[in-house]
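>>> A structural model of the following input is requested.
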Amino acid sequence: MARFVKASWPGASRLSGLSNRDRKGCDYQAYIPDPLVGRPVSLSGPEAADVADAERAIIDLDRSSAALANTEALARLLLRAESVNSSKIEGLEVSPRRLLRADVARAHGEDPRDVTATEVLGNIDAMNYAIDSMSYGSAFSVDLLLEVHRRLLEPTPLAKIGGVIRTQQNWIGGSSYNPCSASYVPPPPELVYDLLVDLCNFCGSETLPTVVQAALAHAQFEAVHPFADGNGRVGRALIHMIFRRRRLTTSITPPISLILATIAKDYIQGLKAMCYVGKPTSAQAVEGFNRWIATFASACSRAVSDSLAFERRIDDLQAQWRTRVGRVRADSVVFRLIEALPGTPLVTAAGVKAMLDTSLPSAILAIDRLVRADVLRPSTARQRRQVYEAREVLHLFTNLERQLASPTGDTQTYRVLRTKRMVASTNVTMP
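Residues are numbered from 1 along each chain as shown. Next up, the predicted model:
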């Protein structure tokens, strides 16, 4: 049965230099969720209908997008939106232009010199790897989740804890130095591995609707909080891994994190509702489960709606570009660059050459034609490795992001490092 266990936190000495609040010791309660495998699921009528609607919407989005000529560009845009907004939920704020400039610098072997953008790029890479690792019937494993986490933290100062299951007690909210006033304390570290094994076994099953399975897996991952940092982003990547494995999606990544960020309060309350005490068949457990499923299914449906609206705006923009440019062959470098720009709105001549598998002179000529048509504009004054940007795509992406709102609350362990946000320290001993 799901339960809380009591534990004690020792106080720090007066010589530590901490405030009384941070120095105090206390008893606290850590939550231990039920395993997922074999847990009974009771879905009410309205929530079952919400799940069916969400799954149908996601399938329709995936299939309709697969018929478009610029599917790859749209897929890259939506993947970037999902990764950026998953990062925003964790307090990582970066503008589309900053992110893309860092990506261009990285592609040319240069140091982006932008810590936040680099960390968000790591989230994009990890999300990409997570989704690409899945195909119909793929096996889930703890090692796979660890690799996703390793890739997430690889470009950050926390790289040494990437792919490492926590060995300390962590917590959410309250003081940075003790869990005495925490809003949530996950299971003790010695229980984490077995809970992850159970989670992976559950993710490899196909007995539940895909949306229900993804919602349960995400909530369980967040409840376990297996890492010192990066739990939220890996937990949201897990959603898309399940979608891809069950073939609910095959090419498109619905930006569910964008919606979860806009409904931050409901998102957090939905996850809290899953932390019942007692049997999974209790009234509290069933009510909490249906509340979370309703929230998650609604987020999925809205993600599809926002994706379709964004897709229409991108299609309209590309039609305007073709009108400005004039007649070009469908197999020309110019036409193919117009198709690709939504997914890569900042380009260089060398980048276009590699992306479209063409010659450097052809890439330069295509860029020049799009500059004359005001599709691309130089974004820097430099002559060497000039960067060009499709500003109208950046504006669309920025407008999409204005829908966002970020909840607060970061995973903490004893004596965290203070940067722009709280990040967990790795050199402490659990009491």
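>>> the biggest helix by length in the chain: what's the following helix or strand?
Ranked by residue count and defined by DSSP state H, the top helix of the chain is helix 283-325. Following helix 283-325 in sequence order, the next helix or strand is helix 333-340 (DSSP states H and E).
>>> and that following helix with helix 283-325, angle?
160 degrees (axes from the mean of the first three to the mean of the last three CA atoms, to 10 degrees).
>>> next one: helix 333-340 to chain centre, how far?
How far helix 333-340 lies from its chain's middle: 29 Å, per CA atoms, centre = their mean, to the nearest Å.
>>> which outside residues touch the helix or strand harbouring residue 143?
If you go by DSSP H and E, residue 143 is part of helix 142-153. Residues from elsewhere that reach helix 142-153 (CB atoms under 8 Å, 6 or more residues apart in numbering): 122-123, 125-126, 129-130, 133, 159, 161-165, 193, 196-197, 200, 226-227, 229-230, 233-234, 237-238. All C-beta atoms are positioned from the backbone trio N, CA, C, and that covers glycine.
>>> now the buried members of these.
In terms of neighbour count (16 or more other CB atoms under 10 Å), the buried residues within the contacts of helix 142-153 are 122-123, 125-126, 129-130, 133, 161-165, 196, 200, 226-227, 229-230, 233-234, 237-238.
>>> out of those residues, which sit inside strands?
Per DSSP state E, strands hold no members of the buried ones among the contacts of helix 142-153.
>>> which other helices and strands does the longest helix of the chain contact?
helix 45-66, helix 71-89, helix 210-224, helix 256-262, helix 264-273, helix 333-340, helix 360-372, helix 391-401 (3 or more CB pairs under 8 Å, 6 or more residues apart in numbering; DSSP states H and E).
>>> using CSV, write down the CA coordinates of the helix or strand following the second one.
On the C-terminal side of helix 71-89, the closest following helix or strand by DSSP H and E is helix 96-107. Taking only C-alpha atoms (Å, rounded to 0.1, in the frame of the first residue of the first chain), the coordinates of helix 96-107 have been written out as CSV:
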residue,chain,number,x,y,z
PRO,A,96,14.0,31.5,-29.4
ARG,A,97,16.7,33.6,-31.0
ARG,A,98,19.2,33.0,-28.2
LEU,A,99,18.5,29.3,-28.4
LEU,A,100,18.9,29.1,-32.1
ARG,A,101,22.1,31.2,-32.1
ALA,A,102,23.6,28.8,-29.6
ASP,A,103,22.6,25.9,-31.7
VAL,A,104,24.3,27.4,-34.8
ALA,A,105,27.5,28.0,-32.8
ARG,A,106,27.4,24.5,-31.5
ALA,A,107,26.9,23.1,-35.0
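>>> go through helix 96-107 and flag the buried ones.
In helix 96-107, counting by 16+ other CB under 10 Å, buried: 96-97, 99-107.
>>> equivalent analysis for stretch 41-56, please.
Residues of stretch 41-56 classed as buried: 41, 43, 47, 50-51, 53-55 (neighbour count, 16+ other CB under 10 Å).
>>> can you lay out the residues you listed as CSV showing distance to residue 375?
Converted to CSV, the buried residues of stretch 41-56 look like this (distance: CB to CB, whole Å):
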residue, distance to residue 375
41, 51
43, 49
47, 46
50, 41
51, 42
53, 38
54, 36
55, 38
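>>> in terms of pLDDT, where does residue 63 sit?
The confidence metric pLDDT takes the value 83 at residue 63.
>>> distance of it from residue 298?
22 Å (CB to CB, to the nearest Å).
>>> pick out whichever of those two has more residues nearby.
Comparing residue 63 with residue 298 by other CB atoms under 10 Å, the one with more neighbours is residue 298, at 18 against 13.
>>> wait, what's in contact with the more buried one?
50, 54, 259.
>>> closest one to residue 379 out of those, please.
residue 259 (30.5 Å; CB to CB).
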